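Undergrad: I'd like to go over a predicted model; first the sequence, then the structure.
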Amino acid sequence: MFSARGLTRLSKSGYARCRWVYSSLGSNSSVPLLEHPTHFRSRLQPSHEVLGCRVIYSWVSSALSSVGQQAQYQSREEQIDPFSLVADELSLLANRLRSMVVAEVPKLASAAEYFFKMGVEGKRFRPTVLLLMATALNLPMPRQQPHDAAVDTLAMELRVRQQCIAEITEMIHVASLLHDDVLDDADTRRGIGSLNYVMGNKLAVLAGDFLLSRACVALASLKNTEVVSLLAKVVEHLVTGETMQMTTSSDQRCSMDYYMQKTYYKTASLISNSCKSIALLAGQTSEVSVLAYDYGKNLGLAFQLIDDVLDFTGTSTSLGKGSLSDIRHGIVTAPILFAMEEFPELRDVVDEGFDNSANVDLALEYLGRSKGIERTRELAAKHASLASAAIDSFPENDDEDVQRSRRALVELTHRVINRTK
């Protein structure tokens, strides 16, 4: 997969012991050392390790960083369009999703299908990741003969169950968008009027609740208690993350630890636990399931970090929503946190809040003079490298479809950190 195959293999044992590693981003950096797949070490919980292993192996960080750099030099022949690879399945999922969100009450039906209509489905990033992950983790099934109908049936049934995970994930994701837009008083989403702006807050909240209920019904149909538990936890994390964002103290608002924990809950938990669910349904070992989780977690964090950058550097047209929306809502993200390390006086501006447009302008001035954008991109790249390393740590499999899907998953890590919208 990578030209530095040996280096990648060298990093595996350290990667398995210590998955959350940041190499130094500067001597004054307050970025937390994040280590275990499910939690963060938080200032809120000094006696509880919310992200795990105490010992950090610096050489692992260097190895993983090198893996990421080597991945950037993949030959053009190896590069692949991840979305085209699953385009037919995405169309099938889109049609099924539209049928799943039909409601008896016309007004609720219109609201629930608002972001599932053709043309406004969004990038369908999460379903793409999950369909690729399903193929990347395919286990060979023993056949009695070349064309064994029973084996083919089992394979098809597994694929349908994994597609169901993609559908559930997308419904949970869209439900969270509907609720977020109400909380943020947003007026645009995906380049059109947000549902709360078009139909009102009450209907937007009910539509989100309806999507979550449909996701629960689909989840129950899988009859897998571990998967049910994982995705139920995701919903809890979404609520926890949003509450953390709404109820921060001054110290929490300016803490990178707190920010990263909130980001995991709001963004990375959904894709990471969905990737793990795909692995569990495929019958993979717990070790491989954790690798799938790690890929989703780090990809999700990289995605949100770039989102934070684009909130400052993008335009409303390119983003499909208002630019500078976070800071105008008083939400402090990674670029400002990094800028604050270089210019401690920015803390006073943050503490005053951004209701005053002059404070927004002053914060942007400090950000422009700092390396906040650059360091946020670097942090996103570190997570993208960790995601790539997780894929390369999957068990060997010479199947062409499996190899192609794994390359596509790695390609997605590059697209995430290089995107402009």
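TA: Yes, it's here.
Undergrad: what about residue 331, which SS state?
TA: coil (DSSP: H, G, I helix; E, B strand; the rest coil).
Undergrad: Could you double-check that it lies in contact with residue 246?
TA: No - Residue 331 is not in contact with residue 246 according to CB atoms under 8 Å; the separation is 9.8 Å. (Each C-beta comes from the backbone N, C-alpha and C, glycine too.)
Undergrad: Who has more neighbours out of those two?
TA: residue 331 (19 against 9; other CB atoms under 10 Å).
Undergrad: quick one: contacts for that one?
TA: Counting by CB atoms under 8 Å, 6 or more residues apart in numbering, residue 331 touches residue 245.
Undergrad: Contacts only, for residue 383.
TA: Going by CB under 8 Å, 6+ apart, residue 383 touches 298-299, 301-302, 305.
Undergrad: repeat that for 6 Å
TA: 298, 301-302 (CB atoms under 6 Å, 6 or more residues apart in numbering).
Undergrad: With distance to residue 136, pLDDT and neighbour count added, can I get those in JSON lines?
TA: Formatted as JSON lines, those follow (distance: CB to CB, whole Å; pLDDT from 0 to 100; neighbours: other CB atoms under 10 Å):
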{"residue": "298", "distance to residue 136": "15", "pLDDT": "98", "neighbour count": "29"}
{"residue": "301", "distance to residue 136": "20", "pLDDT": "97", "neighbour count": "27"}
{"residue": "302", "distance to residue 136": "18", "pLDDT": "97", "neighbour count": "26"}
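Undergrad: how far away is residue 345 from residue 362?
TA: 10 Å (CB to CB, to the nearest Å).
Undergrad: of these two, who's got more company?
TA: residue 362 (17 against 9).
Undergrad: How about that one: what's its closest non-neighbour residue?
TA: In this structure, residue 362 finds its nearest non-sequential neighbour in residue 349, 5.3 Å apart by CB to CB, 6 or more residues apart in numbering.
Undergrad: give me the number of residues near the one you found?
TA: The burial count for residue 349: 21, using other CB under 10 Å.
Undergrad: got the buried residues for whichever helix or strand it is part of?
TA: Using DSSP states H and E, residue 349 maps to helix 346-352. By neighbour count with 16 or more other CB atoms under 10 Å, helix 346-352 contains the buried residues 346, 349-350.
Undergrad: tell me the contacts of the residue nearest to residue 362?
TA: Here residue 349 is in contact with 359, 362-363 (CB under 6 Å, 6+ apart).
Undergrad: Of these, which belong to helices?
TA: 359, 362-363 (DSSP state H).
Undergrad: Can you convert those into CSV and add a column each for distance to residue 390 and pLDDT?
TA: Putting the ones in helices among the contacts of residue 349 into CSV (distance: CB to CB, whole Å; pLDDT from 0 to 100) gives the following:
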residue, distance to residue 390, pLDDT
359, 40, 89
362, 40, 92
363, 35, 91
